[in-house]
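Peer 1: Curious how this folds, go ahead:
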Amino acid sequence: MDVNFSSLGVNQELDNILKKNGITEPTSVQIESIPQLIAGKDIIAQAQTGTGKTLAFLLPIIQRINTAEPLIQALIITPTRELAIQITAEVKKLILETEIKILAAYGGQDVESQIRKLKGSIQIVIGTPGRLLDHLRRGSVDFKKLKILVLDEADQMLDMGFSKDIEMIIRQTSKAHQTMLFSATMSRGVRVLAAQYLKSPAQVHIQSKNITLDGIKQLVIKTTDRAKQDALVKIIEEENPFMAIIFCRTKRRASNLNQALQNRGYNTDELHGDITQAKREKVMKLFRNTKIHFLVATDVAARGLDIEGVTHIFNYDIPEDAESYIHRIGRTGRAGQTGKAITFATLKDQESLALIEKGIQIKLEIRRIAAEELSAKKEGVSGSTRKWSKDRRIPESGSQSYGNRNSARNYGKKPERETRFGKSTSSNRKLNSGEKPSKRKSLHRYENGR
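Peer 2: Numbering: from 1, shown residues only. I've put the predicted structure just below:
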């Protein structure tokens, strides 16, 4: 018998809304989770982004909300503003024909406006740890009558340093609530958190193989630490990406690489835990609008990003395991499009590379770049002084257009002249004129969920 949402226990009203949105077949995580959540059980579910986990916890929540009670009945805690916005958008689709009222509470918004809304009859709150804790301290929220608590992307929240914040929030909730914990990985911290706050939870584990890597061409570049940056530049020049995310292991390495690429004339910016919320929002807007073509990021900062048109993923630093690898390269090749994932590996990365190949059950293609290739390319880069129009893919005298998202499928096709420089920013103008760029201002530490 075919499994559908109705057979999982989803009521007719929600089932009809799902059908109107073109959702008719539940995913694996939904099949495993929804019946147990509707039954009121605590759950600890290991599932990646893109498996349908958000709907897996939203449907049982909405089904249990009593609109006659003007109290906060469900709290969904997420690590970042972006994820809070995404979940809020999904909730709004599901409650159109109901009287359920929701509030998204995250940093970067007017806190007074949130307080005014909380004085009304809000039943579902979606928020980040820092802002939720702020409301608790102000006395503007009351979770004592809470029925359901969701910890989404729990591993990411712990990685970002929100362990104490989460525990403080949980201690302010009712003892009888149901807890739903969703995490991409089951780190020691996640297991400790689950053991402390979940009551005899059901366990769901959706294997990584459920996330398809079809449509993503994967390649490994063998290099050394000293030559890695030059190797990256060479591959960028060869591939001519439409939009690319470059992953680094740490915030410092991401910041240093971003500066180095900008100094070489590339149109890049960075995304990591040390940038302010305002800066993060600005960077994401520029990247989505293709005003920035290279985003240098850490794993934690880029978790949950869903950007249309990303053609390339560069693993400047190799991921530690297959789970992280899949998380990274899953940012390309979406919605039926093709993409390319290129990983730079040194001699010390061989063990990690072997673990990744074992995890994804694919033997990755290997390419080695000779030292003379890099030295020749480096000389060519330093001697280039061509001027470009506002779109980095269009030389001023060129005829080939790469100016919109629909042309993402043409990535890798060289325009008539070599493409390297981005939009003529003040930094790039200084570079082209030979003037030394000014030093970047230091950035204050800021956690994305604050």
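Peer 1: From here on, just use CA atoms for contacts and neighbour counts.
Peer 2: Noted.
Peer 1: Contact partners for Q218?
Peer 2: Neighbouring residues of Q218 by CA atoms under 8 Å, 6 or more residues apart in numbering: K340, A341, I342, T343, L364, E365.
Peer 1: I figured F287 was touching L295, is that so?
Peer 2: Yes. Contact criterion CA atoms under 8 Å: F287 and L295 qualify, at 7.3 Å.
Peer 1: Out of the contacts of Q218, which is nearest to E112?
Peer 2: Among these, A341 lies closest to E112 (CA to CA), at 43.9 Å.
Peer 1: how close does that closest one get to F314?
Peer 2: With the distance defined as CA to CA, to the nearest Å, A341 ends up 6 Å from F314.
Peer 1: Likewise for Q203?
Peer 2: 34 Å.
Peer 1: now swap in R116 and tell me
Peer 2: If you measure R116 against F314 using CA to CA, the figure is 45 Å.
Peer 1: ok, these two, which is more surrounded?
Peer 2: Set R116 next to F314 and count neighbours by other CA atoms under 10 Å: F314 wins out with 25 against 10.
Peer 1: before we move on, what SS does the more buried one have?
Peer 2: When classified by DSSP: H, G, I helix; E, B strand; the rest coil, F314 comes out as strand.
Peer 1: In contact with it, which residues?
Peer 2: Counting by CA under 8 Å, 6+ apart, F314 makes contact with A244, I245, I246, F247, A341, I342, T343, F344.
Peer 1: got the phi/psi numbers for Y266?
Peer 2: Y266 has phi and psi values of phi -90, psi 150 when expressed as degrees, to the nearest 10.
Peer 1: Tell me how many other residues crowd it.
Peer 2: 22.
Peer 1: Same check on S200?
Peer 2: If we define neighbours as other CA under 10 Å, then S200 has 12 of them.
Peer 1: can you start the count at 19 instead of 1 from here on
Peer 2: Sure, I'll start numbering at 19, so the last one becomes S218.
Peer 1: hang on, isn't it packed against D60?
Peer 2: Yes. Taking CA under 8 Å as the definition, S218 is a contact partner of D60 at 6.9 Å.
Peer 1: can you pull out the strands in the stretch 19-168 of the chain?
Peer 2: Counting by DSSP state E, counting those that start in this stretch, the stretch 19-168 of the chain has strands at residues 61-64, 92-95, 120-123, 142-145, 166-169.
Peer 1: Not counting its own residues, what contacts the last one?
Peer 2: I take that to be strand 166-169. 75, 79, 91-96, 195-200.
Peer 1: 6 Å instead?
Peer 2: By CA atoms under 6 Å, 6 or more residues apart in numbering, the residues outside strand 166-169 that reach it are A92, L93, I94, I95, H195, Q196, T197, M198, L199.
Peer 1: What's the mean pLDDT across that strand?
Peer 2: With pLDDT averaged residue by residue, strand 166-169 scores 98.
Peer 1: Within the sheet, what are the partner strands of that strand, with directions?
Peer 2: Strand 166-169 has the following strand partners under DSSP bridges: strand 92-95 (parallel), strand 196-201 (parallel).
Peer 1: same question, the fourth one
Peer 2: Each strand that pairs with strand 142-145, with its direction, by DSSP bridges: strand 92-95 (parallel), strand 120-123 (parallel).
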